[in-house]
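Student: can you look at this prediction? I've put the sequence above it.
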Amino acid sequence: MMPEPVSETKPIVWTIASSDSGGGAGIQADLHTFNALGCHGCSVIAAVTAQNSTEVVGYETISPALFITQLNCLIQDMPPAAVKIGLIPDAELLTQLANWLAQHKAQHQFVVIADPVLSSSTGYNFVRQSTLQIWRQQLLPLVDLLTPNIPELALLSNLPHQNNDAQAQQLLQLGCQAILVKGGHLDASDNNTADSVTDVLITADNRFRLKQPRLDVTHNHGTGCVLSSAITAACAHGYALADSAIIGRAYLQQALSFSYATGKGAGSLQHHGWPVSPDFFPQLQHNDAAIDYNLCFAGITAPIGFYPVIDSVQWLKRLLPLEPDVIQLRIKQGTAEDIEQQISEAVLLSRDYKLRLFINDHWQLAIKYGAYGVHLGQEDLTTADLAAIASAGLRLGISTHSYTELLRARQIRPSYIALGHIFATQTKQMPSQPQGIARLKRYAALCSDVATVAIGGINAERIDAVLACGVSGVAVVSAITAQQQPEQAFSQLKQRVEQHYAHQV
Ligand SMILES: Cc1ncc(COP(=O)(O)OP(=O)(O)O)c(N)n1
Ligand SMILES: Cc1ncsc1CCOP(=O)(O)O
């Protein structure tokens, strides 16, 4: 199957690792992964291994001179957006690499993801104490994300008798920015069970767990290589580390689900394109004790469609004659008294006009006056009484701006999920970057089981591209309220959206 085209540009990514003659791991697996995730992969080979699906028979490292020549030659013409480091079974090459990265990383601003391969899954040991020291002292300070399994974490931290958290903290202290502790080894971690695998992403100020069903597959050669390469590819597409870890984990779950036999031992993973099925995405476990994930929110009866967002009851009165079907009242200014007055009046009007009216932020007033629904931001999720909203029968919409927020919102099972901001917007100062059309398409595909609304910078020129992404609604502010003829703008956009959904039925 051809991978889905995921973006207009193909970021350049490098793998600095070793060749696996069996093709399931190492450089070969990395390049397959990069390609499937819409990146152009370059390779810097550190060693050539002779291995098949049952054993590593031997290896030879490349000369330090040719190793450095590969790096220098690539940086001149094909600088990377992100670099993955894999098996480098030689202390001299590791030192050379650390020196080279120290010289070039800051200037070229690439992300470094390192998978500290210390032994093969078939049991071949590639490292000595001297290699571990170079990892600790020279490489870790240059690494943005390290992806050790539990035995590698213990070895690298040199704290074999401490728990995984203490070991990870030790590696952070040595200078690496973040650690994804892979839970695939059933033995040493209480995060893992026979049924599930939990990886833990740890940074200096954040920590969350990515939990997935444990797949009962024997063909799992190259799992670590594929995960770290998929994370590298996602970073190269500009996703933040946490989102990249999520994408990597979903890519791996998908590839493992279709793995196949190659020889007599563990076979290889099947590379597909960008993961979109919710089945492949992990469950995120934050320290969100305040959120109840077992609530049931009322569904939305008809497609959301055209969804204007306005900031006063005056605007509502102006638009009501044009027969809006859904509107959000998003009042950001005024006294508590004034806000309550506007909300109570708007809810009464919405009943007369059979309008589905969402209230932004003011969930208590929405419940008090019986609005159709409430829209909340991520920061509201731990302070609002979600159980009260659910039991009052109000619909809930939640804002999201990333995979991390999207997975969190999905776990709450709201009535709809807002995906934003898609394009630059003048209406609100956004702490995040515009997501763009390629990401919107991926997010919408992941939400095939829940209604979605796109928001942010959407106007008459852009609305067709947004609708083509498969969302169930399109929210706009300035495309109506900042226009010279708002009523005309409203009617034109509404008609365009209605035409789109009419053709979908
Ligand atoms: C449909 C829709 N999507 C997103 C938002 C933004 O909501 P929030 O994150 O709560 O930010 P503010 O609107 O409070 O600035 C929205 N209002 N509607
Ligand atoms: C409230 C909000 N949340 C994300 S973008 C946005 C503003 C959208 O306004 P506009 O449609 O004018 O870009």
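Tutor: Structure received. Ligands and ions are numbered 1, 2, ... in the order given.
Student: can I get stretch 495-505 in PDB, CA atoms only?
Tutor: Extracted in PDB, the C-alpha atoms of stretch 495-505 (Å, rounded to 0.1, in the frame of the first residue of the first chain):
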ATOM      1  CA  GLN A 495     -24.200  28.000   2.200                       C
ATOM      2  CA  ARG A 496     -20.700  26.800   1.300                       C
ATOM      3  CA  VAL A 497     -20.600  24.500   4.400                       C
ATOM      4  CA  GLU A 498     -24.100  23.300   3.900                       C
ATOM      5  CA  GLN A 499     -23.400  22.400   0.300                       C
ATOM      6  CA  HIS A 500     -20.300  20.400   1.400                       C
ATOM      7  CA  TYR A 501     -22.200  18.300   4.000                       C
ATOM      8  CA  ALA A 502     -25.200  17.800   1.700                       C
ATOM      9  CA  HIS A 503     -22.800  16.100  -0.800                       C
ATOM     10  CA  GLN A 504     -21.400  14.000   1.900                       C
ATOM     11  CA  VAL A 505     -24.700  12.300   2.800                       C
END
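Student: and that stretch, how far out from the chain middle?
Tutor: Distance, stretch centre to chain centre, for stretch 495-505: 30 Å (Cα atoms, centre = their mean, to the nearest Å).
Student: ok, that stretch near ligand 2 or not?
Tutor: No. Stretch 495-505 lies apart from ligand 2 when judged by Cβ under 6 Å from any ligand atom; the minimum separation is 13.7 Å. Bear in mind the C-beta positions are built from the backbone N, C-alpha and C, glycine included.
Student: show me what counts as buried in that stretch.
Tutor: Across stretch 495-505, burial judged by 16 or more other Cβ atoms under 10 Å covers 497, 500-501.
Student: try stretch 142-157
Tutor: Within stretch 142-157, the residues scored as buried using 16+ other Cβ under 10 Å are 142-150, 152-157.
Student: quick one: which two of those residues are the most distant?
Tutor: 142 and 150 (23.3 Å; Cβ to Cβ).
Student: helix/strand/coil for residue 357?
Tutor: Using DSSP: H, G, I helix; E, B strand; the rest coil, the structure places residue 357 in strand.
Student: still on that earlier bit, near ligand 1, from the buried residues of stretch 495-505?
Tutor: Counting by Cβ under 6 Å from any ligand atom, no member of these reaches ligand 1.
Student: of all those, which comes closest to residue 451?
Tutor: When the buried residues of stretch 495-505 are compared for distance to residue 451 (Cβ to Cβ), residue 501 wins out at 12.1 Å.
Student: surely the closest one and residue 303 touch.
Tutor: Yes. Taking contacts as Cβ atoms under 8 Å, residue 501 lies within contact range of residue 303: 5.4 Å.
Student: for the helix or strand bottoming out on mean pLDDT in the chain, buried residues please.
Tutor: Between all helices and strands in the chain, the lowest mean by mean pLDDT, DSSP states H and E belongs to helix 129-134, at a mean of 88. Buried residues in helix 129-134, counted by 16+ other Cβ under 10 Å: 131-132, 134.
Student: show me the contact partners of it.
Tutor: 89-91, 94-95, 98, 118, 155-156, 158 (Cβ atoms under 8 Å, 6 or more residues apart in numbering).
Student: got a list of what the residue of the chain found nearest ligand 1 touches?
Tutor: Relative to ligand 1, the nearest point of the chain is residue 377 (2.7 Å; Cβ to the nearest ligand atom). By Cβ under 8 Å, 6+ apart, residue 377 lies in contact with 361, 398-399.
Student: filter the residues you listed down to the ones in strands?
Tutor: Among the contacts of residue 377, DSSP state E puts 398-399 in strands.
Student: which stretches of the chain aren't confidently modelled?
Tutor: Residues of the chain meeting the criterion pLDDT under 70: 1-8, 120-124, 186-192, 288-289, 505.
Student: center of it - which residue?
Tutor: The residue lying closest to the centre of the chain (Cα atoms, centre = their mean) is residue 243, at 2.8 Å.
Student: please name the nearest non-neighbouring residue to that residue.
Tutor: Nearest residue to residue 243, sequence neighbours excluded (Cβ to Cβ, 6 or more residues apart in numbering): residue 403, at 4.2 Å.
Student: may I have the phi/psi pair for the one you found?
Tutor: Note on residue 403: backbone dihedrals following degrees, to the nearest 10 are phi -60, psi -40.
Student: how many neighbours does it have?
Tutor: For residue 403, the neighbour count with other Cβ atoms under 10 Å is 24.
Student: repeat that for residue 354.
Tutor: Count around residue 354 with other Cβ under 10 Å applied: 8.
Student: in stretch 469-481, which residues are buried?
Tutor: For stretch 469-481, a neighbour-count test (16+ other Cβ under 10 Å) marks 469-477, 479-481 as buried.
Student: show me those that map onto helices.
Tutor: 479-481 (DSSP state H).
Student: and the residues you listed as a markdown table, adding distance to residue 273?
Tutor: Shown next, in a markdown table, are those (distance: Cβ to Cβ, whole Å):
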| residue | distance to residue 273 |
| --- | --- |
| 479 | 33 |
| 480 | 37 |
| 481 | 39 |
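Student: residues contacting residue 100?
Tutor: 68, 71.
Student: on the three-state scheme, it is what?
Tutor: Under three-state DSSP, residue 100 falls in the helix class.
Student: which parts of this structure sit against ligand 1?
Tutor: 309, 328, 330, 360-361, 375-377, 397, 399, 418, 420, 428, 453, 455, 475.
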